[in-house]
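In: The sequence isn't on hand, but the structure is:
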């Protein structure tokens, strides 16, 4: 039971991190039709800038300043490069961001080196947020913070006690992601700027005719979208590991999220991120293979079967490809994505 | 019943086409005699392989408007199948080494048939993302199934198997080169012929105006799917040739870096003209073999070149060549060549300054233990002295400043020639 809770929370927090990234990507895509291939690169820049600011000004300043800097970089990129190729169509736009991802990767390695850097979360976020204690006598209980060691050890050998801590950084990650989600929703639905953005989404010419500066709105959206990626970078970088490969590991997954959720649908992106986060986290935790399943059903495996790599494959080994399998299944059975509206 | 022509069609003997193809054959034939060193022959083989791969990629990107991030899946899986066929031949299966690349081709075609069904359901940016997902899927699987993919070490084989035919054992690299050259010539010719078939033409239409293609009764998804399978076949041949050439296949041949390289260099060569990817392929091998030896920052330079190419010359190098050929055919190239020399020299100056600074940063980051001094273009720079930095910055700023001046002059000259050409065309029409 406590295993289920902790895995669920871990999965949710990972899914929410994915949402922080995919929301920016979706926002940019639905506004401008631009698929930002370098979105995960902005995530990485966010992590590295956060790391540098963390060592000078502290984590909380970094958490606010790094996303703003990343957003400014994103806006500058939109102004200087993306706007120039806008007239060539969507594929050159994608190619420009593809080129940027190469440059960012090399630049990051140039400035911060090729190995992982030590980006520790602040002391307030180190250690567990709460600990679940599964006691075979007293049942399940919850202790805020770290549990005292005497709670986790039983004097009696017959009593089984398991303590499962939930890291505070992951809790913080969930909190920030939820706050961001609410903030984004309020911005889009409840403010004038949001109205203009939504209108520019479907009727750019009409919005321009009403006197709004649509290219500026585009720049703003690109800046905000990349800024959100930067925010995710500061949090993801301090929770996981800050290294030059971090963009590649998360990059392809967020593209899967966007397609699975339905191109351009924020709600779909949310659903798909959480789904993929939870499924992947649970899959990693299970070490079962087809072979074990067969043996559980009483099938006597021959020596050849025991050596078969397909049957030997455990669920945790399959975990990295689950998002992509999911993508294939969605495309076959529901080509427009979970909550998407566009057919192509 | 024989078709009878209702009217006389004037069909000139297409001299230019015969000249170009004969020249291409001649170049393929003579090249290893010019670059006869071991490195030279190996690089030429790799260029032939890269040409097939990049042209098959351009069948998607240039002709079909399908931006794929996973083309290495088909070259790579073709290479794996070819390697298994080669190993089967070693243990007695009756497969001649000459036909091993074809095995790769059939393998690539099979996987394109299988995976293409899902990827080609969409077009445009969604297609791009799905191919990316597919590439990740195959790469992750390659580390899972070690029977087929050989795990981290890959699968290796020996190409000198079976009876020597006319003394051809494929032992010496030169024989492998000529095998590659024959395949390259045939594949390039076939892929060119594909652009002239009705399918190739309708593929162009699907790229340009899918809605209209649907209206005249074609299924765009089907057109994309068939073209994807054909592209997969040629990609697989490239993979099979790579197998014969390297005698080892590792998981990185299906990796995303390889796919990215195909995209990058096909685009640099130029996706809008048939011969663009051939230029791209030559550049790819030069960059991978020579540039990566020359500087550690080569990926950064590559990314920057690519970015500027997309922004300022989206047709790639081939479009630049064609634009200037047009100019030359109107006899205006001589009016502008001074501007080209100016542009080239100032750009070189600016780039030298920039590159010196990049190299110094790389040196500080990677080789700090070897002292602050480094050699750059015959000059010894000290990465820790302000003098080197100021010098480099000065060279860079001067270079780019002069470049801007040269560029303004060039734009002015270029516009003049274009106005002239427009007038000339009108004049000829009026005649």
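Out: Happy to help now that I have it. Since the model is a prediction, treat every value here as computed from it, not as a measurement.

In: Once you drop chain neighbours, what's closest to residue B:156?
Out: residue B:248 (4.2 Å; C-beta to C-beta, 6 or more residues apart in numbering or on different chains). From N, CA and C alone the C-beta is placed, and that goes for glycine too.

In: which residues in the stretch 301-431 of chain B form helices?
Out: For the stretch 301-431 of chain B, the helices defined by DSSP state H, counting those that start in this stretch occupy B:316-329, B:333-366, B:386-430.

In: out of everything not next to it in sequence, what's closest to the one residue in the stretch 251-400 of chain B that gets nearest to chain A?
Out: Of all residues in the stretch 251-400 of chain B, residue B:303 sits closest to chain A, at 3.3 Å by C-beta to the nearest C-beta. Using C-beta to C-beta, 6+ apart and skipping the chain neighbours, the partner closest in space to residue B:303 is residue A:102 (3.3 Å).

In: That neighbour: how many residues sit nearby?
Out: 22 (other C-beta atoms under 10 Å in any protein chain shown).

In: Who are the contact partners of it?
Out: Contacts for residue A:102 (C-beta atoms under 8 Å, 6 or more residues apart in numbering or on different chains) come out as B:260, B:264, B:299-300, B:302-303, B:306.

In: Under a three-state scheme, what state does it occupy?
Out: helix (DSSP: H, G, I helix; E, B strand; the rest coil).

In: so what's it scoring on pLDDT?
Out: Residue A:102 is assigned 89 on the pLDDT scale.

In: Which helix or strand contains residue A:205?
Out: helix A:204-209 (DSSP states H and E).

In: Quickly note the distance from residue A:203 to chain B.
Out: Noted for residue A:203: a distance of 20 Å to chain B, by C-beta to the nearest C-beta, to the nearest Å.

In: ok, that residue - how many residues close by?
Out: 13.

In: phi, psi of it?
Out: Per-residue torsions, residue A:203: phi -130, psi 70 (degrees, to the nearest 10).

In: what helices or strands is the helix holding residue A:205 leaning on?
Out: helix A:192-202, helix A:214-239 (3 or more C-beta pairs under 8 Å, 6 or more residues apart in numbering or on different chains; DSSP states H and E).

In: Can you mark which positions in that helix are buried?
Out: Buried residues in helix A:204-209, counted by 16 or more other C-beta atoms under 10 Å in any protein chain shown: A:204, A:207.

In: And for stretch B:70-85?
Out: B:70-85.

In: Could you tell me how far it lies from the centre of the chain?
Out: Computed by C-alpha atoms, centre = their mean, to the nearest Å, the chain-centroid distance of stretch B:70-85 equals 18 Å.

In: near chain A at all, it?
Out: No - Stretch B:70-85 lies apart from chain A when judged by C-beta under 8 Å from any C-beta of the partner chain; the minimum separation is 10.3 Å.

In: Narrow the buried residues of stretch B:70-85 to those in helices?
Out: Here DSSP state H is the test, and the buried residues of stretch B:70-85 give B:72-85 as lying in helices.

In: circling back to that earlier point, any chance of the helices and strands packed on helix A:204-209 in CSV, plus mean pLDDT?
Out: Listed next are these as CSV, based on pLDDT from 0 to 100:
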stretch, mean pLDDT
helix A:192-202, 81
helix A:214-239, 89
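
In: For chain B, give me its nearest residue in the stretch 51-200 of chain A.
Out: For the stretch 51-200 of chain A, C-beta to the nearest C-beta, closest residue to chain B: residue A:102, 3.3 Å.

In: hmm, back to that, deepest-packed of the helices and strands packed on helix A:204-209, please.
Out: Of all the helices and strands packed on helix A:204-209, helix A:214-239 has the most neighbours on average by mean count of other C-beta atoms under 10 Å in any protein chain shown, namely a mean of 25.

In: how deep is residue B:380 tucked in, by neighbour count?
Out: Residue B:380 has 9 nearby residues by other C-beta under 10 Å.

In: same thing with residue A:333?
Out: 7.

In: what residues does the stretch 301-431 of chain B put near chain A?
Out: So far as C-beta under 8 Å from any C-beta goes, the stretch 301-431 of chain B lies against chain A at B:302-304, B:306-307, B:310-311, B:314, B:358, B:361-362, B:365-366.

In: do that again at 6 Å, thanks
Out: Near chain A, the residues belonging to the stretch 301-431 of chain B are B:303, B:306-307, B:310-311, B:314, B:361 when assessed by C-beta under 6 Å from any C-beta of the partner chain.

In: wait, what's in contact with residue A:77?
Out: Listed by C-beta atoms under 6 Å, 6 or more residues apart in numbering or on different chains, the contact set of residue A:77 is empty.

In: If you count neighbours, what's buried in the helix or strand encompassing it?
Out: Element membership for residue A:77, per DSSP H and E: helix A:59-77. Going by neighbour count (16+ other C-beta under 10 Å), the buried part of helix A:59-77 is A:59, A:62-63, A:65-67, A:69-71, A:73-75, A:77.

In: how does chain A divide into domains?
Out: A:2-121+A:169-243, A:125-167 (automatic domain parsing).

In: my bad, chain B
Out: When chain B is cut into domains by automatic domain parsing, you get B:15-314, B:330-430.

In: Return the most buried member of those.
Out: Ranked by mean neighbour count, the domains of chain B are led by domain B:15-314 with a mean of 20 (mean count of other C-beta under 10 Å).

In: if we can go back for a sec, what's the helix or strand sitting right after the helix holding residue A:77 along the chain in contact with?
Out: Remark: after helix A:59-77, the chain's next helix or strand is helix A:83-85, criterion DSSP H and E. Applying C-beta under 6 Å, 6+ apart, the external contacts of helix A:83-85 come out as A:92-93, A:96, B:311.

In: Stretch B:176-190: how far from the chain's middle?
Out: 16 Å.

In: tell me the mean pLDDT for that stretch?
Out: The model assigns stretch B:176-190 a mean pLDDT of 91.

In: Which residue ranges of the stretch 51-200 of chain A form strands?
Out: All strands of the stretch 51-200 of chain A, identified by DSSP state E, counting those that start in this stretch, fall at A:128-135, A:139-144, A:161-167.

In: can those go into a markdown table with extra columns for distance to chain B, mean pLDDT and mean neighbour count?
Out: Shown next, in a markdown table, are the strands of the stretch 51-200 of chain A (distance: least, C-beta to the nearest C-beta, whole Å; pLDDT from 0 to 100; neighbours: other C-beta atoms under 10 Å in any protein chain shown):
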| stretch | distance to chain B | mean pLDDT | mean neighbour count |
| --- | --- | --- | --- |
| strand A:128-135 | 32 | 75 | 19 |
| strand A:139-144 | 36 | 71 | 12 |
| strand A:161-167 | 27 | 77 | 18 |
